[in-house]
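J.: make a model of this:
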Amino acid sequence: MVFKKLARAFGAGGPSVDTVLDRPDVRPGEVLSGTVHIAGGDHDVEIEHVALGLVTRVEVESGDSEYNSTVEFSRAHAGGRFHLPAGQRYSLPFQMQVPWEAPPTVFYGQHLHGMTMGVRTELSVARAIDKGDLDPVNIHTLPSQEAVLAGMQRLGFHFRRADLEKGHIRGTQQQLPFYQEIEFAPPHQYAGRINEVELTFVTTAHGMNVILEADKRGGMFSHGHDAIGRFDVSHQQAAGMDWAAGINDWLARIGGHGGGHGHAHGGYAPPQQHGYGHPSPYGHGQPHYRHGHAQYRHGRRGHGHGGAIAGGIVGGLAAGFVLGEIADDIGDIFD
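T.: From the prediction side, this is the model:
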């Protein structure tokens, strides 16, 4: 064990903590468990509480500036008040629910660049609180999310980075105060038409909202703008869909001219992820079709445009995308 001195709040000679996770690899909806080991310092102390928080780094916009903030989005208490004699050791097991909306940090064993996730241990002594260092946690994708990401890869999109944005997406069941954006660079068949595509999951126990946002290039007589597609689906349906065909069709409909590659329309099962065999209670919800009259907003990172949903169903999928092209002064899906 590697005990960490909590000297920032308690001073020299205070207690030390070592948090050991049973396994750092989990999926959304699962339970993260472990043990907090506490070693007494050179004098007796009264521990008021021991808590743990699942934290991550979130990008916050404030006026014309941006900064990163550490946000706790799940919390568990390992123990209440107890007496810790000098030099004595105490161990507290804990369990923490991982929210279904927890953003993935790992896809097929590869870390998503830009994502930071961990468990932070909080110890309170005499109303002084010390929050220890992060113990890294890996959030693996659900099979339903893997199917979407595999579809993007199959079309030739290249992962750039992922980040978390503070805010809410209108018309979804989002509970957390932030959402994830997974950014992809387009393959050659979309070059000159699309700068990038961003993918967002808003996940529940029964299904998820899949939101795609294409940053379209401007032409000689037109400005660049964004197009938004949304698909509401159960986990069971998403895992069995041909996402490559559906995304390719959507991009063609919004002006990306995807090219109708034949390989995108065949049956496809993503490869099995090795080294992760922990079952999860995936839900089996019904598809939910969105035929839009709601207004979306989009004003992040200087895009400066709004967007409205136009109703429509994309062929090649067993349910409906909502298509939206962004026009000036219409509003934004992302608050």
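J.: who does whichever strand or helix holds Asp18 pair up with?
T.: Using DSSP states H and E, Asp18 sits in strand 16-21. Sheet pairing of strand 16-21 (DSSP bridges) gives strand 4-5 (antiparallel), strand 31-39 (antiparallel).
J.: just checking, what packs against the next helix or strand after it?
T.: Next helix or strand after strand 16-21 toward the C-terminus (DSSP H and E): strand 25-26. Here strand 25-26 touches strand 138-139, going by 3 or more C-beta pairs under 8 Å, 6 or more residues apart in numbering; DSSP states H and E. The C-beta positions use only the backbone N, C-alpha and C, and glycine is treated the same way.
J.: residues in contact with the strand it packs on?
T.: Contacts to strand 138-139, defined as C-beta atoms under 8 Å, 6 or more residues apart in numbering, come from residues 24-28, 98, 102-106, 111, 117.
J.: Gly207: neighbour count?
T.: Residues near Gly207, counting by other C-beta atoms under 10 Å, number 25.
J.: confidence score at the closest residue to Asn195 other than its chain neighbours?
T.: Counting by C-beta to C-beta, 6 or more residues apart in numbering, Asn195 lies nearest to Asp215, which is 4.2 Å off, once chain neighbours are set aside. Per-residue confidence at Asp215 stands at 86 (pLDDT).
J.: what does the one 4 residues further on give?
T.: The predicted local confidence for Gly219 comes out at a pLDDT of 46.
J.: ok, Val36 to Ser124 distance?
T.: Distance of Val36 to Ser124, given as C-beta to C-beta, to the nearest Å: 13 Å.
J.: which residues in the stretch 101-250 of the chain form strands?
T.: Counting by DSSP state E, counting those that start in this stretch, the stretch 101-250 of the chain has strands at residues 106-107, 110-111, 117-125, 128-136, 138-139, 158-166, 178-185, 194-203, 207-216, 225-234.
J.: hmm, back to that, can you pick the most crowded of the contacts of strand 138-139?
T.: The most crowded member of the contacts of strand 138-139, judged by other C-beta under 10 Å, is Pro103 (26 neighbours).
J.: thought Ser69 was touching Val55?
T.: No - counting by C-beta atoms under 8 Å, Ser69 stays clear of Val55, with 10.2 Å between them.
J.: pLDDT weak spots in this structure?
T.: 1-12, 217-225, 256-335 (pLDDT under 70).
J.: domain map for it?
T.: With domains defined by automatic domain parsing, the chain comprises 4-139, 143-325.
J.: name the residues of the biggest strand by length in the chain that are buried.
T.: Secondary structure of the chain per DSSP state E: the longest strand is strand 45-62. Within strand 45-62, the residues that qualify as buried are 45, 47-48, 50-59, counting by 16 or more other C-beta atoms under 10 Å.
J.: then stretch 178-194?
T.: 178-184, 186-187, 189-190, 193-194.
J.: try stretch 84-100
T.: By 16+ other C-beta under 10 Å, the buried positions in stretch 84-100 come out as Leu84, Tyr90, Leu92, Phe94, Met96, Val98, Pro99, Trp100.
J.: now do the contacts for the nearest residue to the second one once chain neighbours are set aside.
T.: Distance criterion C-beta to C-beta, 6+ apart; nearest residue to Tyr90, sequence neighbours excluded, is Ile38 at 4.6 Å. Ile38 makes contact with Pro15, Ser16, Val17, Ile47, Val50, Leu84, Arg89, Tyr90, Ser91, Leu92, Leu123, according to C-beta under 8 Å, 6+ apart.
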